[in-house]
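Visitor: model this:
(one chain, ligands or ions: 1)
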Amino acid sequence: MESQVCVCGAGTMGSGIAQIFAQKGWSVKIFDIQKANLDKAKNTIEKNLQYLLGKGKINQQQKSDISSRINFEDDVKRCTDPLIIEAIYENQEAKINLLRQLAEVNDEKVILASNTSSISISQIQKEISYPQRVVGMHFFNPAYIMPLVEIVRGENTSDETIESAKSVCKKIDKHPIVCKDSPGFIVNRVARPYYLEAMRLLENKAATVAEIDEILEATGFKMGPFRLMDFIGMDINLATTKSVYNQLGRPERLEPAITQIKLVEEGNLGKKTGKGFYNYGPTTR
Ligand SMILES: NC(=O)c1ccc[n+]([C@@H]2O[C@H](COP(=O)([O-])OP(=O)(O)OC[C@H]3O[C@@H](n4cnc5c(N)ncnc54)[C@H](O)[C@@H]3O)[C@@H](O)[C@H]2O)c1
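Guide: Numbering: from 1, shown residues only. The predicted model follows:
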């Protein structure tokens, strides 16, 4: 496969995925339907590269080479690439709709990967012309740093597609682990109680946001649950919670928390909107 990728969705994950591929020498296209989000992604990547430059991890030449490998695209018809990684909202219909459009403008050699946190790959691929080429490639946030990628095998994903997805991850120094297509895969299933129990403690007034985060971080977690939810994005985390909850038959222990529902209704989505459980000032990623 040529070292050429198209990343669809220029949000938190899409910009990070685009950045790591470009850093590893790939030619990258990043597509979004919102021009403002393409601009935001450009600024975020620039800021991250400036940080790497400041730390001496890359030099000025490498920085400009990386930037020049990323092209920003707002027309889905031009998303014709051997590898496509979809990283749009955590919504099954929206993902199917986009992947259908992508299947139309590409041939059966394309790999259509979804970065979904929780939506069933088997359900998605049923609706796409090349189901054998549909696979989950679940990167973690921030994608340019976190090594793990869950490779999710849907019922119709071919062995060849799984091998290609693994090989792509290795080429960009990621650590691929193949998972079954079960609700929330591995990490997001195990992580649900981390967020939900923390919010229940808060709702029961057992402790404050800062106290819970401080305690969990002192035990060795890199981020407490509230800091982590702000980092992920409240809307994405709620959509993932709902998706896992519904797929598992709505068990009480995984019921979405009132606190997260309220924050999403208020538009306080975390770092990306400047406010979530904490205040961050002007909009940032
Ligand atoms: N945020 C995380 O920590 C995290 C981690 C792993 C996986 N994910 C998954 O990655 C995906 C994206 O999450 P995110 O946090 O980057 O979301 P985000 O809200 O930051 O960005 C989503 C982007 O998708 C764009 N978009 C929406 N519909 C589109 C379409 N039809 N075509 C092109 N672009 C479109 C939006 O304009 C926006 O820029 C979700 O499936 C999420 O579950 C998120």
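
Visitor: got any ranges where the chain has weak pLDDT?
Guide: For the chain, residues meeting the criterion pLDDT under 70 lie at 283-285.

Visitor: the helices in the stretch 51-200 of the chain, which residues?
Guide: In the stretch 51-200 of the chain, the helices defined using DSSP state H, counting those that start in this stretch lie at 60-68, 92-105, 121-126, 159-171, 187-203.

Visitor: Would you mark the buried spots in the longest one?
Guide: Right, helix 187-203. Neighbour-count burial for helix 187-203 flags N188, R189, A191, R192, Y195, L196, A198, M199, R200, L201, L202 (criterion: 16 or more other C-beta atoms under 10 Å). Where you see a C-beta, it was placed from the backbone N, CA and C, and this is true even at glycine.

Visitor: For that helix, name the packing helices and strands.
Guide: With contacts taken as 3 or more C-beta pairs under 8 Å, 6 or more residues apart in numbering; DSSP states H and E, helix 187-203 sits against helix 209-218, helix 225-232, helix 234-247, helix 258-266.

Visitor: what's in contact with the last one?
Guide: In other words, helix 258-266. Outside helix 258-266, the residues that touch it by C-beta atoms under 8 Å, 6 or more residues apart in numbering are 195, 199, 202-203, 229, 234-235, 237-238, 241, 269, 276-277.

Visitor: re the thing from before, could you export the helices of the stretch 51-200 of the chain as TSV, including distance to the ligand?
Guide: Converted to TSV, these look like this (distance: least, C-beta to the nearest ligand atom, whole Å):
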stretch	distance to the ligand
helix 60-68	19
helix 92-105	4
helix 121-126	11
helix 159-171	15
helix 187-203	8
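
Visitor: ok, back up a step: please identify the deepest-packed of the helices and strands packed on helix 187-203.
Guide: Highest mean neighbour count of the helices and strands packed on helix 187-203: helix 225-232, a mean of 24 (counted as mean count of other C-beta atoms under 10 Å).

Visitor: So which elements touch that helix?
Guide: helix 187-203, helix 209-218.

Visitor: mind redoing it with 10 Å?
Guide: Judged by 3 or more C-beta pairs under 10 Å, 6 or more residues apart in numbering; DSSP states H and E, helix 225-232 is in contact with helix 12-23, helix 187-203, helix 209-218, helix 234-247, helix 258-266.

Visitor: nearest to E163, of those helices?
Guide: helix 12-23 (18.7 Å; C-beta to C-beta).

Visitor: Please compute how far the closest one lies from its chain's middle.
Guide: 10 Å (C-alpha atoms, centre = their mean, to the nearest Å).

Visitor: can you tell me if it touches the ligand.
Guide: Yes. Applying C-beta under 6 Å from any ligand atom, one finds helix 12-23 in contact with the ligand at T12, M13, G14.

Visitor: residues contacting the last one?
Guide: Right, G14. 7-8, 30-32, 37-38, 41, 85-88, 115, 139, 143 (C-beta atoms under 10 Å, 6 or more residues apart in numbering).
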